[in-house]
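Novice: kindly return the folded structure for what I paste below:
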Amino acid sequence: MQELGDFVQEQRNSLDGGEFEGSHHSDELLSILKTEDRLVAEIEGNVSKCRKLVILNQQYAALVGEVQSFISRFTPILSGIKSGPASVESKLRQCDELIGPLQEAEAKLSTATDKGAQIMEEVGVEDRNGIVRELQEIKQGLHSLRTAASTLRAEFEQLASEHLKAAGELDVGINWLHDKEGTIKSRPHLHISNCEEELRAQMALETDVNSRLIDLEEILEGMGQDETLPSALIEKVNEAKSLLKRIPEELRSRGNYLRENAEMREKYSRLFGEVREWAAGVENGLNNEDVLKDIENAGKHAQELKSIFGSEELAGKMQNLKKLLERILPSLLSGDQDAVAKEFKSLEESVNNLKKKVHNCQIQLEKDHENWENYVELTKGLDELLLQIQIPTELGANLPQLKSSDVTIKACAGKIKVSHHLNFL
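Specialist: Predicted structure coming up:
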């Protein structure tokens, strides 16, 4: 194009040098000059068009390069956002931050498409097809990137919605358990006779609490090992895990407290009744006149009384009662504590008084037994003495025989006096 312009200029210079003369030649010269002017104008137009086309190509290439660079840079960024450890909220922000550059890239592609269309008007079929193919690939790349970003953001929005739902459900369960935690940790005052009402309430509480704990476990299992949880939800998850670990043990401890107290009360009531019944039986025995008047068996009765307090059974029962009472008292109201302690003290005093009474009765029976043995021994001696006394049936016919009978009778009288004395004793 430049060479053609130089050639035209050279011809113009030669004409200006006067090489053509005459009118005929003047007309020809004018025609040539017009032709030259037209050629120059066409050449200048083509040069200007070429310059514009070069600039257009440069602009097109720059825009295409920027869009391709954007696609190359942001594709791995999008993958990093998906697999990264950031929270869902942070990933949503990152996805939103991609929207601006993506829109800019789409605007650049639109501009590049316009410039490509202008270029295609001036180029051949092969170049035209190359531009169409290049723009289509870039367009597809941007579309894929936008689709991936939109899909990823939708996934994060769904996950955020699930997190929000899980947070709400955790709040309900955690708040309910916190409301019940005071009751679970408490140790209620119990009635001395039984704990049935509190045990029924404990069973209902265990049912409700275990149901809530199962709900929490299911919520946490549904969340899995998600590392993208927001910090607020992580706190709720940790609180829920703490409650799942702590509440069952505290609930079990409360139940054990109630059941142990119920067992202690049952055992205390049974032992108390046994001791009281035993004491009543002993008291009735001591007031039995047939036993007290049975002098012949006083020794046997004395041994029976001695065995009553000589065995360790009663002492063991009283000791067990006292230990049980010490364990039961803290679970009672102060008024009930005084009443129960007073009742046990009364039983203890009754047993001690009965022990003294039995001891005194035992001593009396032992004395009666000793007197009875002495009586039997004296009676036996008297019987033997009476067998030794032989009073003559015939006094004799003469004086010597009478004297002999008199001596015998006097001896018998002396033995009878001795026997009478012994019998008096």
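Novice: which residues in the stretch 201-350 of the chain form helices?
Specialist: Here the stretch 201-350 of the chain has its helices, by DSSP state H, counting those that start in this stretch, at 231-286, 289-293, 298-310, 313-328, 334-388.
Novice: cool, the stretch 1-150 of the chain as well?
Specialist: Remark: helices assigned in the stretch 1-150 of the chain by DSSP H, counting those that start in this stretch are 2-16, 23-83, 88-120, 125-185.
Novice: out of the ones you listed, deepest packed?
Specialist: A comparison of the helices of the stretch 1-150 of the chain by mean neighbour count, using mean count of other C-beta atoms under 10 Å, puts helix 88-120 on top with a mean of 17. For the C-beta atoms, the positions are set from N, CA and C on the backbone; glycine is no exception.
Novice: measure the residue nearest to T183 when sequence neighbours are not counted to A148 for me?
Specialist: Counting by C-beta to C-beta, 6 or more residues apart in numbering, T183 lies nearest to L205, which is 6.8 Å off, once chain neighbours are set aside. Applying C-beta to C-beta, to the nearest Å, the value for L205 to A148 is 52 Å.
Novice: which ones are touching Q202?
Specialist: Applying C-beta atoms under 8 Å, 6 or more residues apart in numbering, one finds that Q202 lies in contact with 254-255, 258.
Novice: give me the local confidence score for it.
Specialist: For Q202, the model assigns a pLDDT of 92.
Novice: and it, how far is that from P188?
Specialist: 9 Å.
Novice: now swap in N352 and tell me
Specialist: Remark: distance between N352 and P188 (C-beta to C-beta) = 35 Å.
Novice: between these two, which has more neighbouring residues?
Specialist: Taking neighbours as other C-beta atoms under 10 Å, N352 and P188 compare with P188 leading, 15 against 11.
Novice: quick one, what contacts the more buried one?
Specialist: Taking C-beta under 8 Å, 6+ apart as the contact definition, P188 lies against 198, 258.
Novice: how does it look with 7 Å?
Specialist: E198 (C-beta atoms under 7 Å, 6 or more residues apart in numbering).
Novice: show me the shaky parts of the stretch 151-300 of the chain.
Specialist: In the predicted model of the stretch 151-300 of the chain, residues 193-194, 225-228, 282, 284-300 satisfy pLDDT under 70.
Novice: thought Y60 was touching Q118?
Specialist: No: counting by C-beta atoms under 7 Å, Y60 stays clear of Q118, with 8.4 Å between them.
Novice: re earlier: out of the helices of the stretch 1-150 of the chain, flag the one nearest R212.
Specialist: Nearest to R212 among the helices of the stretch 1-150 of the chain is helix 125-185 (5.3 Å), distances taken as C-beta to C-beta.
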